[in-house]
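Asks: Make a model of this:
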Amino acid sequence: MIPAERQHFILSCLAKRDVMSIAELTERLDVSHMTIRRDIQALERSGRVISVSGGVRLSQRLDFEPSHLVKTGIRTAEKRAVGRAAADLVEDGMVIYLDAGTTMLEIAHLIADRQDLTVVTNDFAVAAHLSVNSLCTLYHTGGLVERDNQSCVGDATAEALTRFNFDIAFISTSSWSISGLSSPSEAKRPVKRVAVQGARRAVFVSDSSKYGVIAAINVMPLDSFDTVVTDNQIETTVIEAIRKKGVEVIVASNGQANDPGERRLPDPQARRNVE
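Replies: As a prediction, this is how the structure comes out:
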């Protein structure tokens with residue numbers, strides 16, 4: 001059986017079962033564990049499956065993003081922990097970008113007392129909080145208003161970001177995998193990409209519930225980032241796979257950053273893969 005046939009068989013099995021183990025697939029296909037792992041890696045690169053501990057499952061599809069109001073009440077403890085780990089990366093006098101999202105709002109809460117910072121954001125909730133609670137230098141990008149998510153998107157927003165040289169760009173998304181970030185909104189793609197390209201250090205921030213969710217629009221590969229910050233519910237195999245891409249992983253637990261592996265210092269001269 002050639003790889004394409006095996007991969008089709010794996011997808012057919014997963015259509016009937018939520019999760020299948022590698023051991024079961026090797027028995028059914030009468031091939032080695034290594035062969036099955038290669039097939040799973042190929043399917044994972046295409047966004048059709050997600051590796052789990054000892055097995056594989058179909059990826060979830062995201063057709064539209066929940067509103068800002070809905071997201072505010074989801075996984076608040078994890079977002080708080082991840083936000084704190086991300087905020088710990090902000091040093092005195094930095095110019096930072098905060099992308100749209102409720103985890104970004106957590107970061108804003110934690111840096112509100114840092115009047116030495118320059119903060120740029122496309123998120124209205126972030127801007128509103130900092131405008132009232134902080135003395136930092138604050139910019140909002142403007143642009144096309146996406147009401148449900150209380151943010152601005154599109155080419156005008158992306159163009160506004162080209163004016164800045166960021167020390168850190170914090171980027172969020174509602175769907176990601178080992179392949180990279182995706183979104184149901186094409187208008188978000190140029191904003192995130194321009195922010196990353198204009199940053200000395202690009203940091204992707206997301207709780208683990210968004211991993212293994214795929215949306216229609218590819219935004220950028222995961223190795224576009226210097227650092228990924230997530231919570232401790234992420235699979236160990238996922239952490240290892242991210243690190244193999246040369247990306248630092250910081251795992252937040254109970255409000256604290258926990259990076260059990262060696263931390264990679266970002267190279268400001270390195271070319272990021274955003275193609």
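Asks: low-scoring stretches of this protein, by residue?
Replies: Applying pLDDT under 70 to the chain flags residues 62-75, 254-275.
Asks: cutoff 50 now
Replies: Within the chain, the stretches with pLDDT under 50 are 255-257, 259-269, 271.
Asks: Residue 127 contacts residue 140, doesn't it?
Replies: Yes - the pair residue 127 and residue 140 qualifies as a contact (CB atoms under 8 Å) at a distance of 4.6 Å. In this view, the C-beta of every residue, glycine as well, is placed from N, C-alpha and C.
Asks: any shared contact partners between these two?
Replies: Shared contacts of residue 127 and residue 140 (CB atoms under 8 Å, 6 or more residues apart in numbering): residue 121.
Asks: Any idea how many residues pack against the closest residue to residue 1 other than its chain neighbours?
Replies: Using CB to CB, 6 or more residues apart in numbering and skipping residues adjacent in sequence, the residue nearest residue 1 is residue 29, 6.8 Å away. For residue 29, the number of neighbouring residues by other CB atoms under 10 Å comes to 17.
Asks: I'd say residue 29 and residue 36 touch.
Replies: Yes - taking CB under 8 Å as the definition, residue 29 is a contact partner of residue 36 at 7.0 Å.
Asks: Quick check: the gap between the closest residue to residue 207 other than its chain neighbours and residue 85.
Replies: Leaving out its chain neighbours, the residue that sits closest to residue 207 by CB to CB, 6+ apart is residue 78, at 4.2 Å. Computed as CB to CB, to the nearest Å, the residue 78 to residue 85 distance reads 11 Å.
Asks: Between those two, which is the more surrounded one?
Replies: The neighbour count for residue 78 versus residue 85, taken as other CB under 10 Å, is higher for residue 85 (26 against 21).
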